[in-house]
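K.L.:
Okay, predicted coordinates and the sequence, questions at the end:
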Amino acid sequence: MSALDQIIDDFAFLDDWEDRYRYVIELGKALPDLPEEKRTSANKVQGCASQVWLVTHISGSPEDPVMTFEGDSDAHIVRGLVAIVLATYSGKHASEIALLDAIDVFNKIGLVEHLSTQRANGLRSMIRRIREEAKIRVAA
């Protein structure tokens, strides 16, 4: 079972939104800290109210590389959202990432409707950045 499948299963068992928010925060706490030298303006995601950093790593074939990601945020809930986004995209080929919209995952677990407008916009900014990077890699 993938990390994403585990997250989706865990959400299915949590009925209460307070429990689900706690789970998102726990996911964020489990995310490895991003080293200070990677917290640069180039890695910062624009469009997020909280500070969010994403680092992309490329490996494999240049025609359709495998992309892995590191991420972090200065806000607990957002850090948990970063963890779910990374579980959705990290370790996949650029062609797959370009076609996969993580908002569908967040809708599936019913999380989008429970996010503030600012958090939802920040989430979309993270997803847009990852997918645009993937599209560039596929087109190269």
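P.N.:
Happy to help now that I have it. Residues are numbered from 1 along each chain as shown.
K.L.:
neighbours around residue 25, how many?
P.N.:
16 (other CB atoms under 10 Å). Glycine gets a C-beta too; all of them are placed from N, C-alpha and C.
K.L.:
do the one 10 residues further on as well
P.N.:
For residue 35, the number of neighbouring residues by other CB under 10 Å comes to 10.
K.L.:
what's the spacing between it and residue 64?
P.N.:
29 Å (CB to CB, to the nearest Å).
K.L.:
Residue 20 too?
P.N.:
With distances taken as CB to CB, residue 20 is found 35 Å from residue 64.
K.L.:
Now do the same contact list for residue 78.
P.N.:
In this structure, residue 78 makes contact with 28, 48, 50, 52, 119, 122, judged by CB atoms under 8 Å, 6 or more residues apart in numbering.
K.L.:
of those, the lowest pLDDT goes to which?
P.N.:
Confidence by pLDDT is poorest for residue 48 among those, given 77.
K.L.:
Setting aside sequence neighbours, what's the nearest residue to residue 71?
P.N.:
When the adjacent residues along the chain are set aside, residue 71 lies closest to residue 82, with 4.2 Å between them (CB to CB, 6 or more residues apart in numbering).
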